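>>> Show me the folded form of this:
(2 chains)
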Amino acid sequence: MFFLKEEAKVITLHPSYFGPNMREYLITRLNEEEEGRCTGDHFVICVMDMVDIGEGRVMPSSGHAEYTIKYRAIIWKPFRGETVDAIVTSVKPTGIFTLAGPLSVFIARKNIPSDIKWEPNTVPPQYTDHADQVIEKGTSLRLKILGVKPDVAAINAIGTIKEDYLGPL
Amino acid sequence: MSSNLLNQDFGSDEEEDDFNPAPIDDSDAEEPQPPKAVRGYHGVNDEDEDEDQNGDDDDEGGADANDDDEDDAEEEDAVERPRKRRRGGVHNFFEEEAGVDEEEDEAEEDEDELAEFGTEMHPDDLDALPAGAETDDRRHRQLDRQRELDATMDAEKQAQMLKERYGRNRAAATDALVIPKRLLLPSVEDPSIWGGRCKPGKEREVVYSIQKRIEERPAGSRNPIRIISAFERGNIMQGWFYCEARRQPDVTDGLEGINFYYPSQKLTLVPVKEMPDLLRVQKSEELNPGGWVRMKRGKYHDDLAQIEEVETNGLNVTVRLVPRLDYGMNDDSAAMIDPKRKRTAASAIRPPQRLFSEAEAKKKHAKYLSATSGLGGKSWNYLNENYIDGFLIKDVRISHLLTKNVNPRLEEVTMFARGGEDGAANLDLASLADSLKNANAEDSYQPGDPVEVYRGEQQGLIGKTVSTRGEIVSLQVTEGDLAGQTIDAPVRTLRKRFREGDHVKVIGGSRYQNELGMVVQVKDDTVTLLSDMSMQEITVFSKDLRLSAEMAADGQLGIYDVHDLVQLDAATVGCVIKVDRESLRVVDQNGSVRNILPTQIANKITPRREAVATDNNGAEIRHGDTVREVQGEQRSGVIRHIYRSFLFLHNKAQAENAGISVVRTTNVVTVSARGGRPTGPDLTKMNPAIAGQRPGGRGNGAMPPPQRGRDRLIGKTVTVRKGRFKGLVGIVRDSDDKTAQVELYTSNKPVLIQRDILAPKDPISKQPLDMGRGRGGSRVPHGGAPPSRGGGWQGGRTPMSGGDSSRTPAWGGASSARTPAWSGVSGSRTPAWKNDGNRTSYGDGSRTAYGDGNRTAYGGIGNRTPAWNSGSRTPYDTGSGYDAFASGSRTPAWGGAGASAAPPAGNRTPAWGGLPSGRDQRDYDDAPTPGGYSAPTPGAYGAPTPGASAPTPGAWADNAPTPGGAFSAPTPGANPRRGYDAPTPAAYDAPTPALGGAAETPGAGYGDDDAGPRYDEGTPSP
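Numbers count the residues shown, from 1 in each chain, chains lettered A, B, ... in the order given. Prediction:
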């Protein structure tokens, strides 16, 4: 689910950046560092705007300046039960690896409908029900997230397509 | 009477069929009989018997028995009689059951018949009899009837009757069910029980002989045995048997001369209170066919067995086992003959569990093999054991079986599954689950586990475990009406509850122990989870799972974890891909997978996150970056480890080798850097002021002379500061980077001692020398150099490489960082330096300085230049092809920019962690560069180190007189920011003397200056 979240970040700036373009530099830096970041809990999709950049404080002994920037960002926190669209990144006998945006979702074989079978002999290998449903690398899938496992700087999820309205789009 | 009416109808029907005329219309005398008989059937009291007697008398006499029964039955009976009589003779031997199953009215009728058949005889039979013969079989019939009666009486009443007749228990006089149990307990009036001793194991025999004796001399005989009863308690009370008798002399008399009885030991009177305990029956474990047990001994020790059949004696069971046979493959012929030896051989090598294969048995042991006819399935006899359907069928004693806490594991059990292809088809999961339920609850249920009551009254409750006491689990209900309440439930009715997507850990009872994974399917008691590690689906019992909060994929064997890098031998490292209970599976740097024991691992290599390598494009790659293979399989993955020129990549989507693959650094390109690490410039290198200084500074100050030659410690007199040899003085005979071989003064034997606990001493004055200066001195100046040089700004790089001795064996190790020449020329530096400088320019040193300088320069400049932004770090790369890199041999060194380069390029001072020697090489190759530094540089700075000065011009084209062609590209880029440059000259100029001095002039180079003389001259440090 997407949220608009207000967060704060501390950026230290080398004195060589002290100057007229400092603000732009701070913003660039913030965007660079924050956008696409995964906290293990959510993904920062986009930094919307700066609420407050604050005053820099020069740190004793180093000359660096410390800025606390408050900003608003669109974040995505995947939930169990959420239905997302994803793109298949690889297809293995054990299941399907997909990417739903930044989130990698694995669909275990148990969570693939039984009529969609593993077909290793095709090129590229695919899961198919020998009808209109073919799942291979690059296929778009609609899946439901079954579980989310937070990691230090990543989120892993498993999903299912064994339900109505799920599967290749 | 409705029944009569019915009878009437029925009778008339039959009359129509009746074509046989009735032979005799005997008499009406029998008419009253039937009702009597009816009563006789239903009643069990004596009265009935009497009546029967009467009936019989009537028969005999043919008299009219005027019974109390109703006379109105007469008419019907009269109608029916002919038919019945017809059957009469034959039906004499009718079983009474014939009538019992009929409908009620019919039954009544039949009963009539039955009553009759006793009384009637077929006329033919009568004729056949001699005139005076007794025509009646009254006695027989009486007996029959008595039997019938007994049979029809239900067992309970019969038992009661018998009890009345034979029972001697006072309790038996009344209804046993009514008497409370406590009144049945023995009292002082009851016979006492004496315990006697006998030979252990012979208790039963003693009891048998007592029994025999009682039979021989019963109560009424001349010399009766007055022992009322005798019993023993088997294994519980070994060596004891018990006799019930009124008086002790009765017992002693009765036991006289009984075998195995120890009369010398006094009889013990069992107190009345303890009598019930003596006879308490320990409810033995109930064994049911299909249940699981474990073998206690023999070849199949600890193997799981399934009960096929339980013998009625309760001592033996037939079990089904997965055979462990080697079919004589491991026996030589001699061993075959000698059974003893064979047994030892068998116990030494335990064949794996496999189903019996007659094909294999036929190979060597055909003579021991014979087919037996089994009911379906293949049945074989091999070496006197029976094998059916591949399983060993064996009779064993229960005492040889483990029946409690069997804990069958799923994989063990699947071996027993017959038929099903996947092994699960025929699995009796219910019985398995039951035997698993017997496992102790406390192990498998821990507070906080989500559980579900799946049977019993409280079926369907969902909650969390609060506590466990034995077999009872308290759970707090979390859902439904009872939410919030705490209830108790027996373990048997519980199962753990998981939802799909839960992250769980396998806690035990399975070979998947400690696996972490996510639940993908829950089906009753079994849970399928997807292992984090192998991405494989695992099916386990829910009781073996726990919710896991652990983030990382676990799996540890001692200190080794999956994905750890371990040193296998001096030249080989491997990445752990699987941790079993006893062994590890690793993939080594050559990509080969092997199984090793933890003991075979030299040590674990702690990951160095800061390690840097270069990829095929010369871009920097680090731990955590995602790279892709350029050639070959195009594998991609995240860098887990960098080892020399090898990368261990991890790819989650790859199932084999736990996702680990090995590639060479030269064979990969960066896909993305970790955590959005700016692929652009390093911000810390941005300050142009310092960037400008850099080359000169670097060149002057920090170049450590390659550490070659003798360790300065060798030959020194040292004292030991710590340990066993503390305080002893000796001479260092040999040394390496960690230890030194010291010949102690006291014992003339060299001992190995850690270097760091050695303190050099003046051999004569015995005053301690300053160790820091003496041995590690080299380090100090380098560590200290950066500040002197750059005012600390470039400190990031230099100290890192310089200070971290651990990374650079040559550096840290060759304690005397200096070359002998260097250190030797204690006072006059210049020649030594020059010497060093020379080397620098042509050899390693030069490279070092140069490379590092370059890098710095680019770091500084590139930032701002388009060349830099184009994505590659080094203008060289973009500028003039990759020939130098492609040359291959260089790359490791360059890759070694980080730590990892150090070992291969040992003689190139790895201390210069950052230096891209490949690049340097190219600099040499390219025309401008050599020219750049060999000649002009000294002039430019007046600095003695050409190597050092060389880059300078490159970086600062304006300052440098060198035609540093290679550098010219970035320089213009740098120029736009001249604003920054302004201070540079100043900054640059100012430190230069200092820098120069730091390195070479004794006056300025405080570090070295101090070090050399003091050490060499052995001056005591203040």
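
>>> how's chain A carved up into domains?
A:2-76, A:83-168 (automatic domain parsing).

>>> for these, which one sits closest to residue B:632?
Among the domains of chain A, the nearest to residue B:632 by C-beta to C-beta is domain A:83-168 (17.3 Å). In short, each C-beta sits where N, CA and C put it, glycine included.

>>> Could you tell me the end-to-end distance of the closest one?
13 Å (C-alpha to C-alpha, to the nearest Å).

>>> do the same with stretch B:296-304
The first and last residues of stretch B:296-304 sit 10 Å apart, counting by C-alpha to C-alpha.

>>> Also stretch B:380-399?
For stretch B:380-399, the first and last residues are 27 Å from each other (C-alpha to C-alpha).

>>> ok, now stretch B:617-626?
End-to-end distance of stretch B:617-626 (C-alpha to C-alpha): 14 Å.

>>> That stretch vs chain A: in contact?
No - using C-beta under 8 Å from any C-beta of the partner chain, stretch B:617-626 stays clear of chain A, with a minimum separation of 8.9 Å.

>>> before we move on, what about stretch B:491-507?
Yes - interface with chain A: stretch B:491-507 contributes B:500, B:501, B:502, B:503 (C-beta under 8 Å from any C-beta).

>>> of all of the stretch 501-650 of chain B, which residue lies closest to chain A?
Taking C-beta to the nearest C-beta as the measure, the stretch 501-650 of chain B has residue B:501 as its residue closest to chain A, at 2.2 Å.

>>> ok, back up a step: so of the domains of chain A, which one's packed in deepest?
Using mean count of other C-beta atoms under 10 Å in any protein chain shown, the stretch among the domains of chain A with the largest mean neighbour count is domain A:83-168, at a mean of 18.

>>> Just the mean pLDDT for it, thanks.
The average pLDDT within domain A:83-168 is 88.

>>> Please apply the same query to stretch B:141-161.
81.

>>> Whichever residue of chain A sits closest to chain B: what's it in contact with?
Residue of chain A nearest chain B, by C-beta to the nearest C-beta: residue A:147 (2.2 Å). For residue A:147, the contact set (C-beta atoms under 8 Å, 6 or more residues apart in numbering or on different chains) comprises A:80, A:157, A:158, B:500, B:501, B:502, B:503, B:518, B:519.

>>> contacting residues around the closest residue in space to residue B:373 that isn't next to it in sequence?
Nearest non-adjacent residue to residue B:373, counting by C-beta to C-beta, 6 or more residues apart in numbering or on different chains: residue B:379, 6.7 Å away. Applying C-beta under 8 Å, 6+ apart, we find residue B:379 in contact with B:371, B:372, B:373, B:386, B:387, B:388, B:389.

>>> Just the ones of these in strands?
If you go by DSSP state E, the contacts of residue B:379 have B:371, B:386, B:387, B:388 in strands.

>>> Would you mind measuring from the last one to residue B:412?
Going back to what we said before, that points to residue B:388. 19 Å (C-beta to C-beta, to the nearest Å).

>>> for whichever strand or helix holds residue B:504, packing partners?
Assessed by DSSP states H and E, residue B:504 sits inside strand B:503-506. In terms of contacts (3 or more C-beta pairs under 8 Å, 6 or more residues apart in numbering or on different chains; DSSP states H and E), strand B:503-506 is packed against strand B:516-523, strand B:526-531, strand B:545-547.

>>> Now do whichever helix or strand comes after the second one against strand B:516-523, angle only.
Beyond strand B:526-531 in the direction of the C-terminus, DSSP H and E gives the next helix or strand as strand B:537-541. Following axes from the mean of the first three to the mean of the last three C-alpha atoms, to 10 degrees, one obtains 70 degrees for the angle between strand B:537-541 and strand B:516-523.

>>> could you check the angle strand B:526-531 makes with strand B:537-541?
Strand B:537-541 runs at 140 degrees relative to strand B:526-531, counting by the same axes, to 10 degrees.

>>> Any regions of the stretch 351-500 of chain B where pLDDT drops low?
B:374-377, B:410, B:417-444 (pLDDT under 70).

>>> Looking at the ones in strands among the contacts of residue B:379, which is nearest residue B:302?
Distances from residue B:302 to these, taken by C-beta to C-beta, are shortest for residue B:387, at 20.5 Å.

>>> What is the burial count for the nearest residue in space to the closest one that is not next to it in sequence?
Closest residue to residue B:387 apart from its sequence neighbours, by C-beta to C-beta, 6+ apart: residue B:356 at 4.1 Å. Look at residue B:356: counted by other C-beta atoms under 10 Å in any protein chain shown, it has 22 neighbours.

>>> Residue B:356 and chain A, how far apart?
Separation of residue B:356 from chain A (C-beta to the nearest C-beta, to the nearest Å): 32 Å.

>>> Compile the contacts of residue B:379 into CSV and extend it with columns for neighbour count.
Below are the contacts of residue B:379 laid out as CSV (neighbours: other C-beta atoms under 10 Å in any protein chain shown):
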residue, neighbour count
B:371, 11
B:372, 12
B:373, 5
B:386, 17
B:387, 26
B:388, 18
B:389, 16
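
>>> any idea which of the residues you listed is closest to chain A?
residue B:389 (30.4 Å).
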